[in-house]
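Colleague: only the shape, not the letters, is given here:
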Ligand SMILES: [Mg+2]
(Lines give C-alpha, C1' and ligand atoms only; values in the text may rest on other atoms or scores of the structure.)
Protein backbone atom coordinates (compact mmCIF):
# COMPACT_ATOMS: atom_id res chain seq x y z
CA UNK A 1 0.00 0.00 0.00
CA UNK A 2 1.12 3.54 -0.70
CA UNK A 3 -0.15 7.03 -0.12
CA UNK A 4 -1.94 7.13 -3.47
CA UNK A 5 -4.79 4.99 -2.14
CA UNK A 6 -5.82 7.71 0.33
CA UNK A 7 -7.40 11.09 -0.37
CA UNK A 8 -7.09 12.43 3.19
CA UNK A 9 -4.42 11.75 5.79
CA UNK A 10 -5.51 12.38 9.39
CA UNK A 11 -2.48 13.22 11.52
CA UNK A 12 -2.39 13.09 15.28
CA UNK A 13 -0.16 15.92 16.48
CA UNK A 14 1.83 15.20 19.64
CA UNK A 15 4.37 12.45 19.03
CA UNK A 16 3.64 12.41 15.29
CA UNK A 17 4.07 15.94 13.93
CA UNK A 18 5.69 17.61 16.92
CA UNK A 19 7.04 16.78 20.34
CA UNK A 20 6.65 19.70 22.68
CA UNK A 21 7.83 22.84 20.91
CA UNK A 22 9.79 21.11 18.14
CA UNK A 23 8.76 19.32 14.95
CA UNK A 24 9.47 15.59 14.79
CA UNK A 25 12.58 15.23 12.56
CA UNK A 26 11.48 14.67 8.96
CA UNK A 27 7.81 15.48 9.62
CA UNK A 28 7.80 18.77 7.69
CA UNK A 29 9.32 17.19 4.57
CA UNK A 30 6.99 14.18 4.79
CA UNK A 31 3.84 16.32 5.05
CA UNK A 32 5.00 18.55 2.18
CA UNK A 33 5.64 15.44 0.09
CA UNK A 34 2.26 13.90 0.93
CA UNK A 35 0.55 17.12 -0.12
CA UNK A 36 2.54 17.21 -3.36
CA UNK A 37 1.44 13.63 -4.05
CA UNK A 38 -2.19 14.76 -3.89
CA UNK A 39 -3.25 13.82 -0.36
CA UNK A 40 -4.97 16.40 1.83
CA UNK A 41 -3.24 16.58 5.21
CA UNK A 42 -5.56 17.18 8.16
CA UNK A 43 -4.49 17.55 11.77
CA UNK A 44 -6.75 16.05 14.44
CA UNK A 45 -6.19 16.79 18.11
CA UNK A 46 -7.86 15.76 21.35
CA UNK A 47 -6.61 19.03 22.85
CA UNK A 48 -9.70 21.23 23.19
CA UNK A 49 -7.94 24.26 24.57
CA UNK A 50 -6.67 26.00 21.45
CA UNK A 51 -8.69 27.19 18.46
CA UNK A 52 -7.96 25.69 15.01
CA UNK A 53 -6.36 29.01 14.02
CA UNK A 54 -4.02 28.85 17.03
CA UNK A 55 -3.02 25.26 16.24
CA UNK A 56 -2.51 26.06 12.54
CA UNK A 57 -0.30 29.03 13.47
CA UNK A 58 1.81 26.73 15.67
CA UNK A 59 2.14 24.27 12.76
CA UNK A 60 3.15 27.03 10.34
CA UNK A 61 5.74 28.23 12.88
CA UNK A 62 7.22 24.73 12.68
CA UNK A 63 7.35 24.99 8.87
CA UNK A 64 4.27 22.86 8.15
CA UNK A 65 2.02 24.44 5.50
CA UNK A 66 -1.27 24.14 7.45
CA UNK A 67 -4.37 26.25 6.81
CA UNK A 68 -6.77 27.03 9.64
CA UNK A 69 -9.36 24.66 8.17
CA UNK A 70 -6.83 21.82 8.08
CA UNK A 71 -7.13 21.52 11.89
CA UNK A 72 -9.95 19.62 13.57
CA UNK A 73 -10.13 19.74 17.36
CA UNK A 74 -12.11 17.76 19.91
CA UNK A 75 -13.95 21.00 20.71
CA UNK A 76 -15.29 21.11 17.14
CA UNK A 77 -16.41 17.47 17.36
CA UNK A 78 -17.81 18.15 20.83
CA UNK A 79 -19.95 21.02 19.54
CA UNK A 80 -21.39 18.64 16.95
CA UNK A 81 -22.30 16.25 19.78
CA UNK A 82 -23.90 19.12 21.71
CA UNK A 83 -26.03 19.80 18.61
CA UNK A 84 -27.26 16.19 18.78
CA UNK A 85 -28.68 16.94 22.24
CA UNK A 86 -29.98 20.52 21.99
CA UNK A 87 -30.93 22.72 19.04
CA UNK A 88 -29.56 26.00 20.37
CA UNK A 89 -29.18 28.31 23.34
CA UNK A 90 -26.67 28.83 26.09
CA UNK A 91 -23.98 26.22 26.71
CA UNK A 92 -21.73 26.25 29.77
CA UNK A 93 -18.23 26.23 28.23
CA UNK A 94 -15.51 24.92 30.53
CA UNK A 95 -11.96 24.92 29.06
CA UNK A 96 -9.68 27.05 26.94
CA UNK A 97 -10.66 29.44 24.12
CA UNK A 98 -11.17 26.53 21.71
CA UNK A 99 -14.23 25.30 23.63
CA UNK A 100 -16.22 28.53 23.40
CA UNK A 101 -15.10 29.20 19.83
CA UNK A 102 -16.34 25.80 18.63
CA UNK A 103 -19.70 26.33 20.33
CA UNK A 104 -20.05 29.78 18.75
CA UNK A 105 -19.23 28.33 15.30
CA UNK A 106 -22.15 25.91 15.82
CA UNK A 107 -24.53 28.76 16.73
CA UNK A 108 -24.57 28.23 20.48
CA UNK A 109 -23.88 30.93 23.04
CA UNK A 110 -21.01 29.94 25.33
CA UNK A 111 -21.39 31.08 28.94
CA UNK A 112 -19.10 30.71 31.94
CA UNK A 113 -21.58 30.27 34.80
CA UNK A 114 -24.50 27.88 35.27
CA UNK A 115 -28.08 29.12 35.50
CA UNK A 116 -31.58 28.07 34.52
CA UNK A 117 -30.97 29.32 30.96
CA UNK A 118 -28.08 26.88 30.38
CA UNK A 119 -29.12 23.99 28.13
CA UNK A 120 -25.92 21.89 28.05
CA UNK A 121 -22.34 21.64 29.32
CA UNK A 122 -19.23 21.15 27.20
CA UNK A 123 -16.13 20.38 29.24
CA UNK A 124 -12.64 20.47 27.78
CA UNK A 125 -9.07 21.07 28.82
CA UNK A 126 -7.76 24.55 29.51
CA UNK A 127 -4.71 25.54 31.50
CA UNK A 128 -6.74 28.14 33.43
CA UNK A 129 -9.58 25.79 34.44
CA UNK A 130 -9.92 25.98 38.22
CA UNK A 131 -12.13 25.00 41.14
CA UNK A 132 -14.74 27.65 40.37
CA UNK A 133 -15.14 26.30 36.82
CA UNK A 134 -15.45 22.72 38.03
CA UNK A 135 -18.06 23.87 40.54
CA UNK A 136 -20.12 25.49 37.75
CA UNK A 137 -19.83 22.28 35.74
CA UNK A 138 -21.01 20.27 38.74
CA UNK A 139 -24.05 22.51 39.24
CA UNK A 140 -24.96 21.93 35.57
CA UNK A 141 -24.48 18.17 35.69
CA UNK A 142 -26.48 17.83 38.91
CA UNK A 143 -29.26 19.86 37.28
CA UNK A 144 -29.40 17.19 34.59
CA UNK A 145 -28.33 19.08 31.46
CA UNK A 146 -26.57 17.11 28.69
CA UNK A 147 -22.84 16.84 29.45
CA UNK A 148 -20.38 16.56 26.56
CA UNK A 149 -16.69 15.97 27.29
CA UNK A 150 -14.23 16.90 24.57
CA UNK A 151 -11.94 14.01 25.57
CA UNK A 152 -11.04 11.78 28.52
CA UNK A 153 -7.23 11.78 28.39
CA UNK A 154 -6.18 11.31 32.01
CA UNK A 155 -2.84 13.02 31.53
CA UNK A 156 -1.42 15.97 29.65
CA UNK A 157 2.26 16.13 28.63
CA UNK A 158 3.90 19.32 29.86
CA UNK A 159 7.52 20.43 29.62
CA UNK A 160 7.83 19.81 33.39
CA UNK A 161 6.29 16.35 33.31
CA UNK A 162 2.88 14.69 33.35
CA UNK A 163 0.02 17.02 34.33
CA UNK A 164 -3.73 16.36 34.79
CA UNK A 165 -5.60 16.03 31.51
CA UNK A 166 -9.28 16.66 30.81
CA UNK A 167 -10.18 13.13 31.84
CA UNK A 168 -8.94 13.85 35.36
CA UNK A 169 -10.99 17.06 35.49
CA UNK A 170 -14.06 15.21 34.20
CA UNK A 171 -13.50 12.69 37.00
CA UNK A 172 -13.72 15.50 39.56
CA UNK A 173 -17.14 16.51 38.25
CA UNK A 174 -18.28 12.90 37.86
CA UNK A 175 -17.29 12.04 41.42
CA UNK A 176 -19.08 15.13 42.73
CA UNK A 177 -22.19 14.80 40.58
CA UNK A 178 -22.57 11.03 40.59
CA UNK A 179 -22.74 10.44 36.85
CA UNK A 180 -20.52 10.31 33.77
CA UNK A 181 -20.61 12.46 30.59
CA UNK A 182 -23.40 11.73 28.11
CA UNK A 183 -20.97 11.76 25.16
CA UNK A 184 -17.24 12.10 24.50
CA UNK A 185 -15.75 13.60 21.33
CA UNK A 186 -12.04 12.79 21.40
CA UNK A 187 -10.15 9.68 20.40
CA UNK A 188 -10.66 6.73 20.93
CA UNK A 189 -14.33 7.68 20.49
CA UNK A 190 -15.06 8.13 16.78
CA UNK A 191 -16.57 11.66 16.82
CA UNK A 192 -13.32 13.55 16.19
CA UNK A 193 -12.39 11.52 13.12
CA UNK A 194 -16.00 11.64 11.91
CA UNK A 195 -15.88 15.43 12.18
CA UNK A 196 -12.72 15.47 10.05
CA UNK A 197 -14.23 13.12 7.46
CA UNK A 198 -17.46 15.13 7.31
CA UNK A 199 -15.68 18.46 6.90
CA UNK A 200 -13.25 17.21 4.22
CA UNK A 201 -15.54 14.84 2.35
CA UNK A 202 -12.86 12.16 2.63
CA UNK A 203 -13.71 8.89 0.90
CA UNK A 204 -10.51 6.94 1.66
CA UNK A 205 -8.96 8.43 4.80
CA UNK A 206 -5.95 7.07 6.68
CA UNK A 207 -5.46 7.73 10.41
CA UNK A 208 -1.82 8.27 11.42
CA UNK A 209 -0.93 8.24 15.12
CA UNK A 210 1.55 7.29 17.81
CA UNK A 211 -0.84 5.86 20.43
CA UNK A 212 -2.55 2.50 20.16
CA UNK A 213 -5.30 3.16 22.71
CA UNK A 214 -6.44 6.45 21.16
CA UNK A 215 -5.31 7.05 17.55
CA UNK A 216 -5.33 3.46 16.33
CA UNK A 217 -8.42 2.48 18.33
CA UNK A 218 -10.37 5.46 16.98
CA UNK A 219 -9.58 4.51 13.39
CA UNK A 220 -10.45 0.87 14.04
CA UNK A 221 -13.82 1.80 15.55
CA UNK A 222 -14.66 3.64 12.31
CA UNK A 223 -13.31 0.86 10.13
CA UNK A 224 -10.68 3.07 8.49
CA UNK A 225 -7.07 1.94 7.99
CA UNK A 226 -4.45 3.13 10.46
CA UNK A 227 -0.72 3.79 10.38
CA UNK A 228 1.32 3.63 13.59
CA UNK A 229 4.51 5.72 13.63
CA UNK A 230 7.04 5.07 16.37
CA UNK A 231 8.14 8.64 17.12
CA UNK A 232 5.89 9.03 20.18
CA UNK A 233 4.34 6.73 22.76
CA UNK A 234 4.24 3.30 21.09
CA UNK A 235 7.25 1.32 19.89
CA UNK A 236 7.46 -1.00 16.89
CA UNK A 237 7.21 -3.93 19.30
CA UNK A 238 4.05 -2.43 20.86
CA UNK A 239 2.50 -2.17 17.39
CA UNK A 240 3.36 -5.73 16.44
CA UNK A 241 2.06 -7.06 19.78
CA UNK A 242 -1.22 -5.11 19.73
CA UNK A 243 -4.52 -6.89 19.23
CA UNK A 244 -8.16 -6.05 18.63
CA UNK A 245 -9.00 -2.41 17.97
CA UNK A 246 -5.47 -1.35 18.98
CA UNK A 247 -3.84 -3.31 16.15
CA UNK A 248 -2.65 -0.92 13.42
CA UNK A 249 -3.08 -1.66 9.73
CA UNK A 250 0.42 -0.39 8.93
CA UNK A 251 3.58 0.26 10.89
CA UNK A 252 6.49 2.63 10.22
CA UNK A 253 9.38 4.09 12.16
CA UNK A 254 8.37 7.65 11.22
CA UNK A 255 6.59 9.80 8.65
CA UNK A 256 9.38 9.23 6.11
CA UNK A 257 7.16 6.36 4.95
CA UNK A 258 5.02 9.03 3.24
CA UNK A 259 7.84 9.94 0.85
CA UNK A 260 7.46 8.69 -2.76
CA UNK A 261 8.23 5.05 -3.45
CA UNK A 262 8.26 4.05 0.20
CA UNK A 263 6.47 0.77 0.82
CA UNK A 264 4.45 0.52 3.99
CA UNK A 265 4.74 -2.47 6.29
CA UNK A 266 1.37 -4.13 6.78
CA UNK A 267 0.82 -5.60 10.24
CA UNK A 268 -0.28 -9.13 9.45
MG1 LIG B 1 -0.04 11.57 19.94
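Modeller: Arrived safely, thanks for sending. These numbers come from a predicted model, not from an experiment.

Colleague: quick one: contacts for residue 108?
Modeller: Going by CB atoms under 8 Å, 6 or more residues apart in numbering, residue 108 touches 79, 82, 83, 86, 88, 89, 90, 91, 120. The way it works is simple: take the backbone N, C-alpha and C, and place the C-beta from them, glycine included.

Colleague: tell me who's in contact with the closest residue to the ion within the stretch 101-250 of the chain.
Modeller: Per CB to the ion, residue 210 is where the stretch 101-250 of the chain lies closest to the ion, at 4.4 Å. Counting by CB under 8 Å, 6+ apart, residue 210 makes contact with 12, 14, 15, 16, 228, 229, 230, 231, 232, 233, 234.

Colleague: not counting sequence-adjacent ones, nearest residue to it?
Modeller: residue 232 (2.8 Å; CB to CB, 6 or more residues apart in numbering).

Colleague: buried stuff in stretch 185-199?
Modeller: 185-197, 199 (16 or more other CB atoms under 10 Å).

Colleague: ok, now stretch 242-255?
Modeller: Residues 242, 246, 247, 248, 249, 250, 251, 252, 254, 255 are the ones in stretch 242-255 that count as buried (16+ other CB under 10 Å).

Colleague: returning to that earlier point: which of the contacts of residue 108 fall within helices?
Modeller: If you go by DSSP state H, the contacts of residue 108 have 79, 82, 83 in helices.

Colleague: most neighbours out of those, which is it?
Modeller: Within the ones in helices among the contacts of residue 108, most neighbours by other CB atoms under 10 Å means residue 79, with 28 neighbours.

Colleague: tell me the pLDDT of that one.
Modeller: What the model reports for residue 79 is a pLDDT of 98.

Colleague: verify the stated contact: it with residue 102.
Modeller: Yes - counting by CB atoms under 8 Å, residue 79 touches residue 102, with 4.2 Å between them.

Colleague: list residues touching both of those two?
Modeller: The contact sets of residue 79 and residue 102 overlap at residue 122 (CB under 8 Å, 6+ apart).

Colleague: ok, back up a step: got the contacts of residue 210 as JSON lines, with distance to residue 108, pLDDT and neighbour count columns?
Modeller: What follows is the contacts of residue 210, written out as JSON lines (distance: CB to CB, whole Å; pLDDT from 0 to 100; neighbours: other CB atoms under 10 Å):
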{"residue": "12", "distance to residue 108": "27", "pLDDT": "97", "neighbour count": "24"}
{"residue": "14", "distance to residue 108": "28", "pLDDT": "93", "neighbour count": "19"}
{"residue": "15", "distance to residue 108": "32", "pLDDT": "93", "neighbour count": "20"}
{"residue": "16", "distance to residue 108": "31", "pLDDT": "97", "neighbour count": "24"}
{"residue": "228", "distance to residue 108": "36", "pLDDT": "97", "neighbour count": "32"}
{"residue": "229", "distance to residue 108": "36", "pLDDT": "97", "neighbour count": "30"}
{"residue": "230", "distance to residue 108": "40", "pLDDT": "96", "neighbour count": "17"}
{"residue": "231", "distance to residue 108": "37", "pLDDT": "95", "neighbour count": "19"}
{"residue": "232", "distance to residue 108": "33", "pLDDT": "93", "neighbour count": "22"}
{"residue": "233", "distance to residue 108": "34", "pLDDT": "91", "neighbour count": "19"}
{"residue": "234", "distance to residue 108": "36", "pLDDT": "95", "neighbour count": "24"}
